[in-house]
Each structure stands twice: as structure tokens, then as C-alpha cells.
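Novice: quick one, what's the 3D model for this:
(chains A and B)
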2 protein chains.
Amino acid sequence: MTRPHLFQLVRRAAAINPRGPAICDDGVATWAETLANIEAMAGRLAGAGVRPGDRVAILAANSGSYIEALFAIPRLGAIAAPLNTRLSLTEIAALIHDAGARLLLADAGSLAAAAELRAEGAVDRVLLLGSAGDGAESLAALTAAPLPPEPAADEVAFLLYTGGSTGRPKGVMHTSSALIANVHQSADVLGDTRDMRFLYVAPLFHVGALAYTVAMAMHAGANVPLPAFEPQAVLRAMERERITHVALVPTMLSRVLEAPDFERHDLASLRRIIYGASPISEALLRRAMAAFPDAQFAQSYGQTETVSICVLPPWRHVVEGPLAGKLKSAGPPAIGVDVKILADDGSEVGVDEIGEIVMTSDSLMVGYWNQPEITAETLRDGWLHTGDMGFIDQDGVVTLVDRKKDMIISGGENIYSVEVEDVLARHPAVLEYAVVGLPDPHWGERVHAVVRLRDGAAASAEELIEHCRAHLSHYKCPRSVTLAETPLPLSGAGKVLKRELRVTLAATLAST
Amino acid sequence: MTRPHLFQLVRRAAAINPRGPAICDDGVATWAETLANIEAMAGRLAGAGVRPGDRVAILAANSGSYIEALFAIPRLGAIAAPLNTRLSLTEIAALIHDAGARLLLADAGSLAAAAELRAEGAVDRVLLLGSAGDGAESLAALTAAPLPPEPAADEVAFLLYTGGSTGRPKGVMHTSSALIANVHQSADVLGDTRDMRFLYVAPLFHVGALAYTVAMAMHAGANVPLPAFEPQAVLRAMERERITHVALVPTMLSRVLEAPDFERHDLASLRRIIYGASPISEALLRRAMAAFPDAQFAQSYGQTETVSICVLPPWRHVVEGPLAGKLKSAGPPAIGVDVKILADDGSEVGVDEIGEIVMTSDSLMVGYWNQPEITAETLRDGWLHTGDMGFIDQDGVVTLVDRKKDMIISGGENIYSVEVEDVLARHPAVLEYAVVGLPDPHWGERVHAVVRLRDGAAASAEELIEHCRAHLSHYKCPRSVTLAETPLPLSGAGKVLKRELRVTLAATLAST
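Specialist: Residues are numbered from 1 along each chain as shown, chains lettered A, B, ... in the order given. Sure, this is the predicted structure:
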């Protein structure tokens, strides 16, 4: 048995759909051209001295060259380490140091940062991705060296750094096999795979975007990268590029729906709107389904370490019949995925009981780069401990209740922040929201909400707390509310950064 | 990374679709019931002494219990060896001996043969599959033993004996991984996987039927087994069971279309008609597409050793536009499959040049059971040599021209029997046909056709030869024709057994 490598997917796409669109960026590159471009880029990287096993860092906004690099680096048997562009220089330097990357690919927008990183000695060399920049050495101008044989599918192809946690950065190692297995196991997300045109809204350094480059190569579909998330740019791209598939996180979906000129766009080409990365409120999902009546919705739940764990396919996005009532769930386990719910003592809990979600499948990470201890802690006997709390119902459907670390323990009671957020979301004045636990001398933690109101809407903290009391047990309701004037801080994946919120809140509370 | 075992698919189907139909045979068993039935059968087999690695032979017509056995045996880590029921007792005994199976599962219809096999000492024990038979020991009546842990996905699950070749039988070893990979790589065959109801027309001992038991478990669809091929029974089952998917070989498809009451059946539930196992004539395909205007057609090309190699999806079954003109092809390589065409000297030939088709993918067999020499000959550096002759065009599409051993060499020219058959098929009086090479003192081989005419139709040998001359180069035309009175001999897979035809023809010619 020969498991295919990522690059095999590109070769096949070019063989079976040579004249079809592969990358629509400044112009349109066909699959035949894209294969040639990726081989040429791999040759130039080989010429620059990149050898099998080397880590090559990428610091860039979404672009066609970025997608090419995601295949060209693994083609050499080297490891692509796409970095979060929103991090500080110090944080980026720490990731590069952790990865041991000596070469950094940067685009024009990140060239200043890249130059500084080189000046500080964080990397030896910076090469410009895409069109030529001011005084930078361009990857496209290098002389190519011959390509080595194609690597095996079980060699590490990507190092994906996970955000959101404190301490030393964790580089998740993924192979070609795992990312290909992920596309197969989450086939229900894509539906009809013919002539897909996928819009990348989330950044490519996130697995939730990167995974679709593999899906497009597998099905010879078209990649349409957007350099940054901006609601109106998303709508314009959807219309202009006749997008069939898009993946959005709930916060992005909400902002797109809020765009003032939403109604003016022709979005009839959209077949699938895929959402995930964080739980969605039922209110938002219903609003989105009404706003896009022709598109089907699919939800994918996963992590960088696991890629997809569960899929809620379109036919489970219903409000009537035997499959109804699961809109808020993560869906049943994806194909070939085993999910268990464990109590704190490691025993399996019963139907409908809440515990930590653990899973195993063919898409699992190899481990964390150079961190055997954390790997052993997270990956036990082949089971990945997600740190997510949830339950499985009698229909085999998994529902997330919270991140283990976002769960609030107040007066000895477990309070799931997501449950409170879902109630806040139903208030007509509320646009963005996050619920966190703040230290409390009496209760241990107390429930605090951060809310941003819609333009022109008004609601007092007291009114929002009253609204929660009408729908929730008293102990779950926020004791205090901060009304934010600006958008809430989002991670690269588009999730609200609760850790940052807690830090800001602690500073604010300390200064008052 | 944990690749799922076949049994994991059944567990998941039972978890996510517990009340949905799994097997529709005498009654309807849900997926929850089918999981319990398979676990119970596995427990009884364990009670009967079946241990990991043991081979268990099956001699039975398609049935629900047969499908259960195909999962219950691998659940134990044992190897299922489903046998061709059309073989002679001597041939079956040889297969059982080759497999080293001590236990045989038989149904009521094969019980007499099984008893004889036991009397001869070919097996130690015969257990009846399905409902109780006369004086036989029933599997259902045994006491269950506890199940061992679930086996790994890369352990051998099946031993599938290939027909059609002379000499020692070849047992193709397949793992759970390979059969699961096959469903993923040939996803375009199934299309929409929701609420599938699959009709098994071909026998389950053939990989072209067995593979769909894996697909139905993966997508929690319904299995509808038909005990034997009979055109009217196929039509009745399609209508009664509201079949969505069926796989047929061209000869079966032709007989179904010829059934006198074809028009009287409501076949609107059919979404996909999958054909394969041997090349189809364009005439037959066009007739089938006209007869089933609501169904989509997909073609799958493969072998027992490879499972699927190429897929021709519905959107390539067109007579107009840029994708037209490929109706007779095998289609592009399936997902993750690499195909090369080799000349006799092992070098790769160019576009449109004919040579042997070799391939590699994740669905490849492990090898032939206990036959390292033939394995090494067939599987070289991870590439499977198919023995099929074909070419790849500039669109990456593979076209088969013949089995290497069915190619006729006459006067130094290569003649592909399939090309001649395709012309014969276009004659309105012709129902079944096969073209073979017969020994010829002058030409080495000469082209001979065996033809069975439609009921009530008439055509002389001379007329058929004339018809060929109007469409083919002279040297490719049959020099002689046998008009058969009875259906041509078919293999278990539904292919015309040219080897048998040659033997019969040699005997006939010798006696005249």
C-alpha cells in the first residue's frame, strides 16, 4: 500500500484537469500551470539549500504564492511552518526559534518585520514570496536545483503553531497522510466536489484554512485567497469569483451578515457555507440560514491537533423531523473518527453526561515538535485529549459545552461560558459577546460578560443581566458586564481571545 | 494516527444512525441491530475456536448473514475467505487447501457441497449461515465467547481468490485499511452518500461487490443482497426496495435492459448505476443511458489486487462539450492513485501510446497469500502490474484496450479483442459477443468471434464479418464466427470467460 503524498494530489489535479482554474489571485493559474509553479518554487528552494527535514517559516497574508509554498516545501520533504502574522515580533521570533527555521518566506506586507527578524539573527535568510519588493531577495529570482525524489506520505509536512495557550509555543506536527485523511473523513463538509471554487477568508496559517488547500488539490478545484478578513471584501469576492464554498468562523459570519450592503450582492453561486472553530449561537445560525436561503450549511468541529472531529452536515441543519434539534451540536463523529467522553478520573461517562472529549482517527497529529512531555500528556494510548468539554447524546451526536479552561467554577458549580453567551446572543442589541470568569473572593470565580452592541442599538448592563435571568438559572447569569466600544480581540482562527480579555479586564479592574 | 478498522465503521454507523436500515433481506435489520448481530456472530465464531489470523472460508449466495460474516470474521482479527460458488468441488477444495481454512461457513444452498468437502477432509467443520438447515450445525446456535480487542487496521481481513487464470489459485490479501482507502479514493462513484440503498447483484465473493459493504458501513446506508443474478429479480428488487445505487457488469446490464417487462417497473429511486469489471461497448452504454434517463452513470475500473484504479464520474458521461468523447474510457485515475503505462521493456510510454497499465495507491493488496514469487512479479517497487493494456490521453484519462493475455497477435499485428467486440455490439441482431484468438498455422493466431443473437433476430456469420469490415481494418476482422445458442459462460464477476470459450472452441474444432 502506498499512501499518496500531498504533492501527488497536485500532480493528479494537473493530469485530470490541466486547463481548469487552480489559483485565482491576481490572475488565474490553471492546474497545469500551478503544478509547474510549485515544482519551480520547490526547485528554487532546493537551490537555496533547503533539504529534507528542514523547517521553512512563512510570514505572509493569504495569496496564491502562499498556497504554492504550502505544497512546494513538503514536495522537498521539508516542513512548512506558516506563522501567525498577528503576533508580535518577539512572539514570532520565539516560534522561529522553536521550529529551528533558518529560512523565512515573507510577502511585501511582512517584509519590514522579516528584515528585523533577520537583523536580530532570528533567521539567516529572508526570501520574498510573490512579486518583487523593495530591496528584498526574491524567491522567484533564484536558480533552481534538481528536485529530490518525492517524499513518503508519513513524513512531517507542516508545523502548525497553536495559539490561545500561555507558556512555550506548541508546534503541531502533521503529515501528508493526516491532512489527506482529514479531507476523506470530513467529506460531508464539502458535499458535491465538482468544480469547487473555495474562498479563503481565515488565514492560511490556521489548519481550518490550510485543510482546504488539500481538499482543492484532491478535487482539482479552484483556490481563491483573500489577504485579510473584511466583510465587504468577502462579499465582493464571493460575487466576483462565483465562490461555491467558503469556511467562516461564527464571528466572521456575523460580521458578514452585518455588512451594510449585504443585500446588494448576488451570492447565488454559493453552495456550501462551512462554519466552525468555535461554537455558534443558535440565533446566529438561524439568521445566517435565512440570509443565505440557497446555500447549504455544514459545520466542522476540530482542533489543530486533530483536524476534523465532528461534522454536522446540511441534512442535520433542520428544525423539523427526527434529525431536528441538533443545530447547536458539533454533529456526529466524522468518518473513521472515534470519540469518547471522559470524566476527571479518566472513566468513560454515560449518554448525555458532560466530560472531556477525547478522540482518535487517522488525521491525528504526530505530536508536538520537540516536546515529548506535552505530547504524552495530550496523546495517551493513541487518544487525543482535546481540552474541550462536551457530551454525546443517544443519537451519537456530540455537543460541546465549553473549553475546559473557559469553564467557570463559581460557588462550586460548573458554568459553561458558551451557554451564557448563547443567551446573550439572542438579545437584539447584542453584536459580539464573550463570557469569562473573573476572580472573586467569595465565589472563587464570578461570571462576567463583555458585550459589544450593534450600531445604533442601546442596552444597559442591568438590562442584559435581566435578559440572562429570564433564560438561565440565577447562578449562571453574569454578575457584571463590560460594554466594549471596539470589536472584541480575535485569534487568527477568528475566535474571541478570552485570555486577552481576561488580562485587559484584570488591568482595568486593578486601575479602578 | 489511528487508521480505523472495518468494524469501527459499523460501530459508528450504529452510533449515528441506530434506527436506520442496515440490511434488508428477509426482514429489515437496523444499524443498531446489525452491530449487535455482528458482535454476536463474532462471539460465536470465537466460541467455535476462531483465533486472530485464522482463515474462515465462506461458501454461500448473497444474504444478510453473509454481509454480517464479512465484518464478524475480521472483527476477531481472523481472515474471511469468501469463495466462488460456481467453481467445481475440486476447485473449491483447492482454494480451501490453499487458504488453510479449517472452518467453512455455508448456506442452505451450498450445504450439500460443504458436507462433501468435510467428508473428503477438506475442512474440519461446517457451520450453517442463516436459517437452520437439514441436520447441519448452525452458527446461530453456538455459545459465544468474549471478543478479543479490536484488531489493527493493517491486519489482513480478506483473502479474495482471483478467477480467470490457470494454475495455482491466487489469494489476494486485503486489509481493512486498503478497503477503506478504496471507498475514499473512488468517492466519485457514489456521489451523494446520504440514505443510500445498495443492491448487490454481483456475488459478495467478488471485490466489486464486497467493496460496497464497506461503503455502506462508512455512510450508514442500507445493504440489499440479491442471492443470484436474474434480470427480472433485479428489476423487482430495484422497485420494491427503492434502490438508490446498483453496481452491474456490462453483461448483466445488457440482460437487465433486455428483460421483457423492463418498461413496467418504476425505477425512479435509482440515483447511480455503477458499471465496471470489463470494458463496456459504447452502444450498450448509450442504450442504458436512454433506458434509465433519471439515473446517473459512473464507471469503476479495477482489479481484485488494486480495487479501484480509475473512475469515470457522471459528469464525464456526456456526448457534448469539452469532457465528451470519453464514454468508452476507464476515466481518470481515482483520488490518490498513480497510473503509468509501460512498454514491454519497462520504460514509460508517451501520451496516447499503448502499454501495460501499472498503478500504485493506498488500496493495493498486501500480496498473494503464501506466494512471494508471484507477488514480487506483480508488485514491483510498490507498483502493481495489472496485465491490462491501455493508454493515457492528454486529459489524463485512461483507456483500456484489452487484457494483455486476450490481445490477439495475428500476422505480427496486435489486435485488441475489445475493439472488435465493440463493433460487433453495434450490430442490431447481436446480444452477446466475445472475440478470441485461435491458433492458426499461417497467421500465428486468427480472430474468431462467438456471438449470441437476440431472440427472434437473424444474422449469418458472413453478414457479421461484413459488418466488421465496414468499421474496422481488414486484418482486425473475424475470420470465423460461432453462433451460440445459449448464454456465453460468465465468471463470478460477470465477465465472459474467454479461457473457457477457447477450450470449448478447441474441442469443437478438433472434433470437426
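
Novice: now the residue of the stretch 51-200 of chain A found nearest chain B, what are its backbone angles?
Specialist: Using C-beta to the nearest C-beta, the closest approach of the stretch 51-200 of chain A to chain B is made by A:His184 at 4.1 Å. Backbone N, C-alpha and C define where each C-beta goes, glycine included. Here the main-chain torsion angles of A:His184 (degrees, to the nearest 10) amount to phi -60, psi -50.

Novice: can you tell me the closest non-neighbouring residue to it?
Specialist: Using C-beta to C-beta, 6 or more residues apart in numbering or on different chains and skipping the chain neighbours, the partner closest in space to A:His184 is B:His184 (4.1 Å).

Novice: for the one you found, report the pLDDT, please.
Specialist: B:His184 is assigned 98 on the pLDDT scale.

Novice: pull the contacting residues for it.
Specialist: A:His184, A:Ala187, B:Ile335, B:Gly336 (C-beta atoms under 8 Å, 6 or more residues apart in numbering or on different chains).

Novice: mind putting those into a markdown table with distance to B:Ser308 and secondary structure?
Specialist: Converted to a markdown table, those look like this (distance: C-beta to C-beta, whole Å; DSSP: H, G, I helix; E, B strand; the rest coil):
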| residue | distance to B:Ser308 | secondary structure |
| --- | --- | --- |
| A:His184 | 14 | helix |
| A:Ala187 | 16 | helix |
| B:Ile335 | 9 | coil |
| B:Gly336 | 10 | coil |
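
Novice: so which residue is smack in the middle of chain A?
Specialist: A:Gly208 (3.5 Å; C-alpha atoms, centre = their mean).

Novice: the closest residue to chain B within the stretch 401-512 of chain A: which element?
Specialist: Residue nearest to chain B within the stretch 401-512 of chain A (C-beta to the nearest C-beta): A:Val401, separated by 19.5 Å. Using DSSP states H and E, A:Val401 sits within strand A:398-403.

Novice: cool, A:Phe391 as well?
Specialist: Judged by DSSP H and E, A:Phe391 forms part of strand A:383-392.

Novice: check whether whatever helix or strand the residue nearest to the centre of chain A lives in comes near chain B.
Specialist: Using DSSP H and E, A:Gly208 falls within helix A:207-219. Yes: on the criterion C-beta under 8 Å from any C-beta of the partner chain, helix A:207-219 is in touch with chain B at A:Met218, A:His219.

Novice: tell me the angle the strand holding A:Phe391 makes with strand A:398-403.
Specialist: 110 degrees (axes from the mean of the first three to the mean of the last three C-alpha atoms, to 10 degrees).

Novice: show me what strand A:383-392 is packed up against.
Specialist: strand A:296-303, strand A:338-342, strand A:355-360, helix A:372-378, strand A:398-403 (3 or more C-beta pairs under 8 Å, 6 or more residues apart in numbering or on different chains; DSSP states H and E).

Novice: and with 10 Å instead?
Specialist: strand A:296-303, strand A:307-312, strand A:338-342, strand A:355-360, helix A:372-378, strand A:398-403 (3 or more C-beta pairs under 10 Å, 6 or more residues apart in numbering or on different chains; DSSP states H and E).

Novice: export these as a markdown table, with columns for mean neighbour count.
Specialist: Listed next are these as a markdown table, based on neighbours: other C-beta atoms under 10 Å in any protein chain shown:
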| stretch | mean neighbour count |
| --- | --- |
| strand A:296-303 | 24 |
| strand A:307-312 | 28 |
| strand A:338-342 | 18 |
| strand A:355-360 | 24 |
| helix A:372-378 | 13 |
| strand A:398-403 | 22 |
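
Novice: the ones you listed: lowest mean pLDDT?
Specialist: It's strand A:398-403: among the helices and strands packed on strand A:383-392, that one has the lowest mean pLDDT, namely a mean of 87.

Novice: and the angle for it with strand A:355-360?
Specialist: 120 degrees.

Novice: pull the contacting residues for the spatially closest residue to A:His219 that is not a sequence neighbour.
Specialist: Computed as C-beta to C-beta, 6+ apart, the closest residue to A:His219 that is not its neighbour in sequence is A:Thr193, at 4.1 Å. By C-beta atoms under 10 Å, 6 or more residues apart in numbering or on different chains, the contact set of A:Thr193 is A:183, A:187, A:215-216, A:218-221, A:244-245, B:187-188, B:191, B:313, B:335.

Novice: what about A:Thr193, distance to A:Ala220?
Specialist: Applying C-beta to C-beta, to the nearest Å, the value for A:Thr193 to A:Ala220 is 9 Å.

Novice: low-confidence ranges, chain A, go.
Specialist: Residues of chain A meeting the criterion pLDDT under 70: A:1, A:132-135, A:163-167, A:277-279, A:492-494, A:510-512.

Novice: so the residue lying farthest from the centre of it is in which element?
Specialist: Note on chain A: the largest C-alpha distance from the chain mean falls to A:His442, namely 37.4 Å (C-alpha atoms, centre = their mean). Assessed by DSSP H and E, A:His442 sits outside every helix and strand.

Novice: can you read off the backbone torsions of it?
Specialist: According to degrees, to the nearest 10, A:His442 has phi -90, psi -50.

Novice: may I ask you to confirm that it is in contact with A:Gly412?
Specialist: No: using C-beta atoms under 10 Å, A:His442 is not in contact with A:Gly412, being 11.9 Å away.

Novice: residue contacts, the residue in the stretch 351-500 of chain A that chain B sits nearest to?
Specialist: Of all residues in the stretch 351-500 of chain A, A:Gly396 sits closest to chain B, with a separation of 3.5 Å (C-beta to the nearest C-beta). For A:Gly396, the contact set (C-beta under 10 Å, 6+ apart) comprises A:310, A:331-333, A:339, A:351, B:11-18, B:220.

Novice: now do A:Val339
Specialist: Counting by C-beta under 10 Å, 6+ apart, A:Val339 has contacts A:309-310, A:330, A:332-333, A:357-361, A:383, A:386, A:390, A:392, A:396, A:398, B:12, B:15.

Novice: likewise for A:Asp381?
Specialist: Counted by C-beta under 10 Å, 6+ apart, A:Asp381 has contacts A:Val358, A:Thr360, B:Thr2.

Novice: what is the nearest of those residues to A:Ala434?
Specialist: Nearest to A:Ala434 among these, counting by C-beta to C-beta, is A:Val358 at 26.1 Å.

Novice: and for the nearest residue to the closest one once chain neighbours are set aside, the neighbour number?
Specialist: Counting by C-beta to C-beta, 6+ apart, A:Val358 lies nearest to A:Trp383, which is 4.7 Å off, once chain neighbours are set aside. Around A:Trp383 there are 17 other residues, counting by other C-beta atoms under 10 Å in any protein chain shown.

Novice: what residues are bridge-paired with A:Trp383?
Specialist: A:Arg380 (DSSP bridges).

Novice: that one contacts A:Val337, doesn't it?
Specialist: No: when contacts are counted by C-beta under 10 Å, A:Trp383 is not listed as touching A:Val337 (11.5 Å).

Novice: need the overlap of contacts for those two.
Specialist: Joint contacts of A:Trp383 and A:Val337 (C-beta under 10 Å, 6+ apart) are A:Met359, A:Thr360, A:Leu364, B:Thr2.

Novice: count of residues packed around the third one?
Specialist: What that stands for is A:Leu364. 23.

Novice: report the secondary structure state of it.
Specialist: On the three-state scheme (DSSP: H, G, I helix; E, B strand; the rest coil), A:Leu364 is labelled coil.

Novice: next up, the contacts around it.
Specialist: A:Leu364 neighbours (C-beta under 10 Å, 6+ apart): A:174-175, A:178, A:181-182, A:305-307, A:337, A:379, A:382-384, B:1-2.

Novice: got a PyMOL select line for the buried ones in the residues you listed?
Specialist: Remark: buried members of those, expressed as a PyMOL selection using 16 or more other C-beta atoms under 10 Å in any protein chain shown:
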select buried, (chain A and resi 174+175+178+181+182+305+306+307+337+379+383+384) or (chain B and resi 1+2)
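
Novice: nothing else from me, thank you.
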